[in-house]
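S.K.: whatever this is, show me its structure:
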Amino acid sequence: MFGWVGKIFGSRSAVLERSENPVLNAAVQKSAEIYQDLPLNQFIDSQCSDLLARHFYLEINSVCNATDPIALCRQKLAMTMLRFALYQVLRMPPEPENDISGLRGYPGISGELTSRLETLAKKSIALGTDIHDSQFFSEEADLWTIVQTEYWKTCWMLETLNVVRKELGDCLEENDWYRPFMHSACANQENLYRIDLEMPSAFDQAIAREAPAAYSIFTDIVVSGAADPLAEWREYHAGSPVPLPGS
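M.R.: I've put the predicted structure just below:
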């Protein structure tokens, strides 16, 4: 009776409870649609997707019932964005291959790290820990498959939280901060990987010293609750040669 949403997000009582909260209702419906558009089912089975969906339901519900739902949503989104960046910069192919993310070529993002995955899994504490904590990890498991699986799982959660953010009205019609936040997080993560690999910066030499700190502070601005994080970043870095995130 409840179709895809009812099956994946719980019982009749959960569906009825959700219908009383417009943010929760819209987010759950759109999250199910997001899942259908992702290739995640190539990497996980239906039981795993059901468990993930119910986890997302609880995450969304906690935001909707928070004293300050926008603040909690931002905290969860920021944490998820940083984990997303951990994998996103590893999946971008080098030129001339097509980059579906559209991020390659932005300041600090090169598409040069895919071939260095095995080395990074050993040298990057953050990546190595996340991979070993994956439910899909084993000594025999294919590393690239784990990366793909964790990437798409995180992508689903990130896009779900972005739906919640929009439903809560925490977005701007023009110059919204979500995409610039994604750029800054990915550029900062690539910089950290390059340090682990002892590679030169992907930023232009003129901004290589300033850019990592400038972009990493975007996360702090988002979590701080600034009404317009992009404008806040611009004001904070007025006069800096570092390009505006997302440009």
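S.K.: quick one: Ala121 from Leu113, how far?
M.R.: 12 Å (CB to CB, to the nearest Å). The C-beta positions use only the backbone N, C-alpha and C, and glycine is treated the same way.
S.K.: mind checking which of those two has more residues around it?
M.R.: Set side by side, Ala121 and Leu113 show more neighbours around Leu113, with 22 against 17, by other CB atoms under 10 Å.
S.K.: quick one: the nearest residue to Arg116 once chain neighbours are set aside from Glu112, how far?
M.R.: For Arg116, ignoring the flanking residues on the chain, the nearest one in space by CB to CB, 6 or more residues apart in numbering is Leu197 at 6.0 Å. For Leu197, the distance to Glu112 equals 10 Å [CB to CB].
S.K.: more neighbours, those two?
M.R.: In terms of neighbours (other CB under 10 Å), Glu112 is the more surrounded of Leu197 and Glu112; the figures are 19 against 15.
S.K.: residues contacting the more buried one?
M.R.: Neighbouring residues of Glu112 by CB atoms under 8 Å, 6 or more residues apart in numbering: 94, 202.
S.K.: phi, psi for it please.
M.R.: phi -100, psi 10 (degrees, to the nearest 10).
S.K.: on the pLDDT front, check it for me.
M.R.: Glu112 is assigned a pLDDT of 96 by the prediction.
S.K.: give me the below-cutoff pLDDT ranges for the chain.
M.R.: The model of the chain has pLDDT under 70 over residues 1-19.
S.K.: ok, then the element right after the lengthiest helix in it?
M.R.: Secondary structure of the chain per DSSP state H: the longest helix is helix 143-167. Of the helices and strands lying after helix 143-167 in sequence (DSSP states H and E), the nearest is helix 178-197.
S.K.: so which elements touch that next one?
M.R.: Applying 3 or more CB pairs under 8 Å, 6 or more residues apart in numbering; DSSP states H and E, one finds that helix 178-197 contacts helix 69-91, helix 117-123, helix 211-224, helix 229-236.
S.K.: now the angle between helix 143-167 and that helix, please.
M.R.: 150 degrees (axes from the mean of the first three to the mean of the last three CA atoms, to 10 degrees).
S.K.: show me what counts as buried in helix 178-197.
M.R.: By 16 or more other CB atoms under 10 Å, the buried positions in helix 178-197 come out as 178-194, 196.
S.K.: got it, and stretch 22-33?
M.R.: 23-28, 30-32.
S.K.: the closest residue to Val89 other than its chain neighbours and Leu127, how far apart?
M.R.: Among residues not flanking Val89 along the chain, Glu190 sits closest, at 4.5 Å (CB to CB, 6+ apart). Distance of Glu190 to Leu127, computed by CB to CB: 12 Å.
S.K.: and Phe43, how far is that from Lys153?
M.R.: Counting by CB to CB, the separation of Phe43 from Lys153 is 8 Å.
S.K.: try Leu40
M.R.: Separation of Leu40 from Lys153 (CB to CB): 7 Å.
S.K.: neighbour count: the two, which is higher?
M.R.: Per other CB under 10 Å, whichever of Leu40 and Lys153 has more neighbours is Lys153, with 23 against 20.
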